[in-house]
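Using only what follows, build the 3D model:
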Amino acid sequence: MIAAAPIRRESSPFERHFTPQDLADTWKLDETTIRRIFQDEPGVMKVGKANRRDGKRDYVTLRIPESVAERIYRERCR
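Numbering: from 1, shown residues only. Model prediction:
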């Protein structure tokens, strides 16, 4: 029997989006840990500049859709 591929729901701009601090508080983790978990995940909205060349520190604001947070939670709870 062939296992069915998981259904992947596209995130919507109108679904609830969390800040890293929101998820850190909910999951009782450090905000830095949440940022590391979600920084390269597809569907996470990134606002700001990364890889700056002017010598200043990178600053990127993350907004994590509820569907992405649910997917990561399920993957890590196995």
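
who's in contact with L23?
Residues counted as contacts of L23 (Cβ atoms under 8 Å, 6 or more residues apart in numbering) are L29, I34, F38, I64, A69. C-beta: built from backbone N, CA, C; applies to glycine.

Is it within a helix or a strand, and which one?
If you go by DSSP states H and E, L23 is part of helix 20-27.

circling back: narrow the contacts of L23 to those in helices?
Using DSSP state H, the subset of these located in helices is I34, F38, A69.

ok, those vs F14, which is closest?
Set against F14, the nearest of the ones in helices among the contacts of L23 by Cβ to Cβ is A69 (15.7 Å).

any idea of the pLDDT on that closest one?
On pLDDT, A69 comes in at 97.

where exactly do the strands run in the protein?
Applying DSSP state E to the chain gives strands spanning 17-18, 45-49, 59-65.
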